[in-house]
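[1] Sequence and predicted structure, then a few things I'm wondering about:
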Amino acid sequence: MRIRDVHVILASASPRRKELLEKIGLSFDVIPADVAEERMAGESPARLVMRLSELKGQSLAVKYPQALIIASDTVVSLGAEIYGKPHDGAEAFAMLSSLSGREHAVYTGLALFWKRRRLCRYECTKVQFRELTASVIKSYVATGEPFGKAGGYAIQGLGGLFARAIHGDYSTVVGFPVCLFGSMMEELGFSLNQLWEVSS
């Protein structure tokens with residue numbers, strides 16, 4: 001099956017995921033999944049992002065059984081704490097204060113639904129933050145960028161000023177592990193090189 005002949009749906013309103021998929025030449029519709037992003041007691045970051053990705057994908061797969069559904073979820077882990085998206089400025093400030101000067105892990109789950117098949121994987125990337133002053137954190141929160149971002153920062157935006165080192169896949173921190181996506185698509189039988197091949 002040629003990927004160009006498939007109806008592809010991204011089950012996310014994230015502009016970052018949309019941009020990453022567009023960069024590899026994929027054509028798709030954006031239909032955000034309405035799923036409560038809550039952690040179950042004792043759930044690991046890896047299991048959390050995979051479960052939520054599956055739930056998001058499944059909610060659209062039942063409505064669009066002939067489409068290829070792409071769903072994803074991202075969280076930040078620091079020790080025993082798991083950070084999703086901050087609800088307000090105070091929570092964003094607290095998250096960033098905790099991350100200051102420390103290394104944290106970013107987990108992104110990815111689920112693909114294609115007809116009767118479903119695949120779910122995750123990637124983990126480590127990010128080392130430099131020391132941040134309260135003034136810098138407060139100013140950053142005031143920009144509004146932390147909202148809607150796991151851990152309260154955008155690595156591809158102003159938040160990139162805070163990352164001293166990244167160990168792993170950068171796109172996982174952005175919110176969509178592109179390399180993992182490519183391997184999962186191949187596992188489903190799709191060749192992504194069709195997206196940039198020139199027709200003869």
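    Received, thanks.
[2] Could you give the bridge partners of Phe113?
    Ile69, Arg118 (DSSP bridges).
[3] show me what contacts Ala36?
    With contact set as CB atoms under 8 Å, 6 or more residues apart in numbering, Ala36 has no partners. C-beta coordinates here come from the backbone N, C-alpha and C atoms, glycine included.
[4] Now with 10 Å, please.
    Leu52, Leu55 (CB atoms under 10 Å, 6 or more residues apart in numbering).
[5] sec struct for it, please.
    Recorded secondary structure, Ala36: coil (DSSP: H, G, I helix; E, B strand; the rest coil).
[6] In this protein, where's the longest helix?
    Scanning the chain for the helix with the most residues, using DSSP state H, yields helix 45-61.
[7] Rounded mean pLDDT for that helix, please.
    Mean per-residue pLDDT for helix 45-61: 96.
[8] try stretch 122-140
    98.
[9] Please save the CA atoms from it in PDB.
    Coordinates of the C-alpha atoms in stretch 122-140 are reproduced here as PDB (Å, rounded to 0.1, in the frame of the first residue of the first chain):
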ATOM      1  CA  TYR A 122       8.000   4.900  23.200                       C
ATOM      2  CA  GLU A 123      11.200   6.800  23.200                       C
ATOM      3  CA  CYS A 124      13.100   8.400  26.100                       C
ATOM      4  CA  THR A 125      15.600  11.300  25.800                       C
ATOM      5  CA  LYS A 126      17.600  12.800  28.700                       C
ATOM      6  CA  VAL A 127      17.800  16.600  28.900                       C
ATOM      7  CA  GLN A 128      20.300  18.500  31.200                       C
ATOM      8  CA  PHE A 129      19.100  22.000  32.200                       C
ATOM      9  CA  ARG A 130      21.500  24.700  33.200                       C
ATOM     10  CA  GLU A 131      20.900  26.600  36.400                       C
ATOM     11  CA  LEU A 132      17.900  29.100  36.100                       C
ATOM     12  CA  THR A 133      17.300  32.100  38.200                       C
ATOM     13  CA  ALA A 134      13.800  32.700  39.600                       C
ATOM     14  CA  SER A 135      13.800  35.900  37.500                       C
ATOM     15  CA  VAL A 136      14.500  34.000  34.200                       C
ATOM     16  CA  ILE A 137      11.800  31.400  35.000                       C
ATOM     17  CA  LYS A 138       9.300  34.100  35.800                       C
ATOM     18  CA  SER A 139      10.000  36.000  32.600                       C
ATOM     19  CA  TYR A 140       9.800  32.800  30.600                       C
END
